[in-house]
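**Q** Everything below, folded, please.
(chains A, B and C)
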Amino acid sequence: MLRYAARRLAAAVVVILGVTCVTFLLLHVEPGDPARAILGEHATPQAIQALRRQWGLDASLGSQFTRFIGDLARGNLGRSFVDQTSTSSLIAARIGQTAALVAIAAVFAVLITVPLASAAAIRKDRLADHVVRALSVVGLGLPAFWFGIVMIEVFSLQLGLFPVGGWGSSFESHLRGLILPGLTAALAIVPVLIRSLRVGIVEVLEAEFVATLRSKGLGELRVLMHVMRNALIPTLTLLGVNIAYLIGSTVIVERVFDLNGIGSLLLTGISQRDFPVVQAVTFVLAIGVVLVNLATDLLVAWLDPRIRLG
Amino acid sequence: METALAVEDLTVTVARPSGRFRAVDGISFEVAKGRALGLVGESGSGKSLTLRAIMSLLPAAARMDAGVVRLKGTELPHAVRDVRKALRGRMAMIFQDPLSALDPLQPVGAQIAEVPRRVLGLSKRRSWERAIELLRLVGIPDPARRARAYPHQLSGGMRQRVVIAIALAAEPSVLLCDEPTTALDVTVQAQVLELLEDLRARLELAIVFVSHDLAVVRQLCEDVCVMYTGRIVETGPTPEVLAHPLHPYTLGLLDAIVDLDHPVAAPEPIPGALPDLEQIPGGCSFHPRCFLATEECATAVPPLAEIVNAPPSHRSACIHSDRLRAG
Amino acid sequence: MSLTVDLTEPFVPTSGSGFWRRALKSRSLVAGTIIIGLIALAAVLAPVISPYPPDQQDLFHVLGGFSSRHLLGTDELGRDELSRLTYAARTDLKVGFLAIVFPFLFGTFIGTVAGYYGGILDTITMRIVEVVMAFPFYVLVIGLVFIVGTGVRGIYIAFAVADWVVYARAVRSTTLVVRELDYIAAARAGGLSDLRILGRHVLPNTITQGIVYAMSDIVLVIVAVVTLGYLGLGVQPPTADWGAMISSGQDFLTTKWTLSTFPGIAVAVTALGLSLIGDGLSDVLRPS
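**A** Sure thing, here's the model as predicted:
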């Protein structure tokens, strides 16, 4: 287990390094002057020069990169171009909301996927299975954000159950405000999860040890418990893989529901051409994905005795 | 001798895209307490399905269409849930691949202990003790420590012993074995067979042992049934059947083996191939591949019958058996 | 992005008549093709069948209801909804299909080569793939669009960079399996050059895999194009685009909710058709 953990950690570090490089290079993707690209077509030469100097763009690429790493190490993710506030503080203020959204979405995703996929797998090729599979095919094509809007229409405007947007000031209103967004984000990945989990459970059900379990004389319910426990591992792996998509989709969900997480910070940064903010948020989100993946891998490794004990 | 298990006219059909087909066609046999019956045949002869039908563990596409199974004289019900309940603890089954037969996530001791705990209602502590006893019974050294191991940490032979321990946990009177030695090395095979023999004697188990390996059956089983395309074509005491086969298929099987004790010029494979489920020939299903076949053979299925001049327990389903008897 | 199609079995390119016969028997494939066919037809014939040009504003008849002049009503600038929907189909379908070309070609190629040769090439490629995949898809795409500029050009570049990785990873898995197949070993032993083996034996297999994957990827790409349109980062106004229509319609949920809803339904139906084709195709191509 320890060796496995060390290996995964090393791989994660490599990826983080890569993410750092890519984030740094984002500025240099467009051939030509990055400063001009940021400031747009109508910038004056003086403004461009000023920006270049401010960002040290007049230095060599190597020294720029070194400075970038140094800044990162000190937690300095740059300063907002618009109002000079530190991007790290901007992010810190909003990351809670996004994290809560992702957590709630993950919970919803599991709560919806597991029963549906199990029902489909257990009643394979019967009505329940066909219904679930049809639903997930339809769900794949449903733009999640659009469905979110539909839900706003139905649940918020018509039925008045949830706020139309924002997340209020009290803990209770935080939760209420996150339910529809969480559901929307979850629905972005649920169809894929259902498909894969169903296949995973079917495979477990058809495995020999289920025959052993039944031949032991155990009741069907207990057999099911064992099956679910075995299917848990591929489920977690699956969830971990899709969490990246989930985290990314918060950007859109926050726009739909007018929330103030780092996703909407990204969009604001883009509309204001505030490059440091865009860079910083991208970086944080990517690191978040790497960390969540690492955590999932380690959790799965711990749960599975075949990996834990080698 | 008391009959532990009796099967009458068991028929199993399998669903295919083009229809339902018989994979097991009206077979009957009996096993007495403390005796072992071998069920031999090639892959696809229906022997595994037979066992699964008896244990009510058929895969989704298969269905037991007819037949009566009697456990110690009591007829078992047909509906799956009721059968399982009736079987609990009285009949057990072991499978071919011990690694996939065990839950990878639980220590082996727990998997054994689950039976006395859930099926017999013993306490947690007593169940665990029983698990250790069983591990000792099946010959696993240092059972108390081994009970905490996970399946992937044990060798193939030990895993199969664990599977046997699980099967014995509820003190069954009948043990069904579906090619339990096929996946094991030859030396380990011998150990497991010895264990089964020992257990059979000590616990007076009735064993039904499915295999495609005649040598293994010869070692363990007093009686044998030879199966072909879902029917029993020959049955009788093992040494008798193997020494004086009365069905051309059995003869073919024996000829196809290299037997170090009785070397023959060269092993002869049976001409032709095992027919697919959907294309079983009419009449005697073996007749297209049979060197004794005559026109009559294609007309009707020969019944499993006693043969003149052979002991009554040795029966064959061939109208030309007398020719084999003579030669 | 992850769409798990079962990748454990390689696809065998099926020949001629067998393929078409099986294709016609697959209900998903037929249904999907019909749906997409209809939508594509509408898209292609948009200029012909639309009652009005999509940009024509009629400020005297904003937010109009269903009428004989405007079958599906008008939007907030008096533009005919039906016309805009069909023109948007044209735009979004075209952009979606074009955006996928580079990722498909490049990803399949790289995946095949990396899987086949293995070694350092494979390791490097997979690390790059991992790094790209570490960026949440939308974040990456949005970031790229930000850098290179919005609009259709931005979309193409953004997808070129972000989307090839899924093909590369999927195709590489298949290549690893195919590489070990007996007939490849036989070809190698027979002395055929790697290039020829790749071209003749490995590539047909992996391209088929790539195509099936593309069918499910196209669904996500079209949804992504629409999403970018919603965020204002994709197809730029006044060009009609389902996403932009949903976005501008969101302000009018209480007065005319169909403005946001209909484009979404259009996307959903299109995606459904494509999914059905993808499912049908993967069933037909899998030698089971």
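**Q** okay, now residue C:31: neighbour count?
**A** 16 (other Cβ atoms under 10 Å in any protein chain shown). All C-beta atoms are positioned from the backbone trio N, CA, C, and that covers glycine.
**Q** pretty sure it is touching residue C:276, no?
**A** Yes - with contact defined as Cβ atoms under 8 Å, residue C:31 counts as touching residue C:276 (5.2 Å).
**Q** does any part of the helix or strand that contains residue A:52 sit near chain C?
**A** Of the helices and strands defined by DSSP states H and E, residue A:52 is found in helix A:45-54. No - using Cβ under 8 Å from any Cβ of the partner chain, helix A:45-54 never reaches chain C; the gap is at least 15.1 Å.
**Q** I'd like to know which elements that helix is packed against.
**A** helix A:34-39 (3 or more Cβ pairs under 8 Å, 6 or more residues apart in numbering or on different chains; DSSP states H and E).
**Q** Which helix or which strand is home to whichever residue of the stretch 101-250 of chain C sits closest to chain B?
**A** Per Cβ to the nearest Cβ, residue C:177 is where the stretch 101-250 of chain C lies closest to chain B, at 21.4 Å. Per DSSP H and E: residue C:177 is located in helix C:151-179.
**Q** Also residue B:21?
**A** Judged by DSSP H and E, residue B:21 forms part of strand B:19-32.
**Q** just checking, what packs against that strand?
**A** Going by 3+ Cβ pairs under 8 Å, 6+ apart, strand B:19-32 lies up against strand B:3-16, strand B:36-40, helix B:47-55, strand B:62-71, strand B:206-211, strand B:223-228, strand B:231-237.
**Q** Out of the ones you listed, flag the one nearest chain C.
**A** Nearest to chain C, of the helices and strands packed on strand B:19-32 and by Cβ to the nearest Cβ, is strand B:3-16 at 13.7 Å.
**Q** Would you mind getting the angle between that closest one and strand B:206-211?
**A** Interaxial angle of strand B:3-16 relative to strand B:206-211 (axes from the mean of the first three to the mean of the last three Cα atoms, to 10 degrees): 40 degrees.
**Q** show me where the chain has helices.
**A** Defaulting to chain A. A:2-26, A:34-39, A:45-54, A:61-73, A:87-122, A:127-141, A:144-151, A:171-205, A:208-215, A:220-256, A:262-271, A:275-303, A:305-308 (DSSP state H).
**Q** try again with chain C
**A** C:16-25, C:27-44, C:46-49, C:81-117, C:119-134, C:137-148, C:151-179, C:182-189, C:194-197, C:203-231, C:242-249, C:258-285.
**Q** So what's the residue count around the closest residue to residue C:117 other than its chain neighbours?
**A** Distances taken as Cβ to Cβ, 6 or more residues apart in numbering or on different chains put residue C:194 closest to residue C:117, at 7.9 Å, once the chain neighbours are dropped. For residue C:194, the count of nearby residues is 12 (other Cβ under 10 Å).
**Q** What residues of the longest helix belonging to chain B count as buried?
**A** With secondary structure taken from DSSP H, chain B has its longest helix at helix B:186-203. Buried residues in helix B:186-203, counted by 16 or more other Cβ atoms under 10 Å in any protein chain shown: B:188, B:189, B:191, B:192, B:193, B:195, B:196, B:199, B:200.
**Q** Make sure the third one is actually in contact with residue B:158.
**A** Read that as residue B:191. No - counting by Cβ under 8 Å, residue B:191 stays clear of residue B:158, with 10.0 Å between them.
**Q** Contacts only, for the closest residue to chain C within the stretch 1-150 of chain A.
**A** The nearest approach of the stretch 1-150 of chain A to chain C comes at residue A:141, 2.2 Å away (Cβ to the nearest Cβ). Contacts were defined as Cβ atoms under 8 Å, 6 or more residues apart in numbering or on different chains; by that measure residue A:141 touches C:219, C:223, C:267, C:268, C:269, C:270, C:271, C:272, C:274, C:275.
**Q** quick one: residue B:102 from residue B:180, how far?
**A** 13 Å (Cβ to Cβ, to the nearest Å).
**Q** again, but for residue C:90
**A** In terms of Cβ to Cβ, residue C:90 sits 65 Å off from residue B:180.
**Q** picking up where we left off before, would you turn the helices and strands packed on strand B:19-32 into TSV with mean neighbour count and distance to chain C?
**A** As requested, those are arranged in TSV below (neighbours: other Cβ atoms under 10 Å in any protein chain shown; distance: least, Cβ to the nearest Cβ, whole Å):
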stretch	mean neighbour count	distance to chain C
strand B:3-16	18	14
strand B:36-40	26	31
helix B:47-55	24	22
strand B:62-71	17	19
strand B:206-211	26	28
strand B:223-228	25	29
strand B:231-237	24	30
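**Q** Could I get those in TSV, plus columns for mean pLDDT?
**A** Converted to TSV, these look like this (pLDDT from 0 to 100):
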stretch	mean pLDDT
strand B:3-16	89
strand B:36-40	92
helix B:47-55	89
strand B:62-71	86
strand B:206-211	92
strand B:223-228	91
strand B:231-237	90
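**Q** Check which residues of the helix holding residue A:52 are buried.
**A** A:48, A:51, A:52.
**Q** Could you export that helix as CSV, CA atoms only?
**A** This file holds the C-alpha atoms of helix A:45-54, laid out as CSV (Å, rounded to 0.1, in the frame of the first residue of the first chain):
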residue,chain,number,x,y,z
PRO,A,45,1.6,51.0,-27.5
GLN,A,46,2.2,52.6,-24.1
ALA,A,47,-0.4,50.4,-22.4
ILE,A,48,1.2,47.4,-24.0
GLN,A,49,4.6,48.4,-22.9
ALA,A,50,3.4,49.1,-19.4
LEU,A,51,1.8,45.7,-19.2
ARG,A,52,4.9,44.0,-20.5
ARG,A,53,7.0,45.6,-17.9
GLN,A,54,4.5,44.9,-15.1
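**Q** which residues touch residue 114?
**A** As the question left the chain open, I've gone with chain A. A:197, A:235.
**Q** I was thinking of chain B, sorry if that wasn't clear
**A** Counted by Cβ under 8 Å, 6+ apart, residue B:114 has contacts A:216, A:218, B:127.
**Q** just curious, which of the contacts of residue A:141 is nearest to residue B:275?
**A** Using Cβ to Cβ, residue C:275 is the member of those that lies nearest residue B:275, at 41.1 Å.
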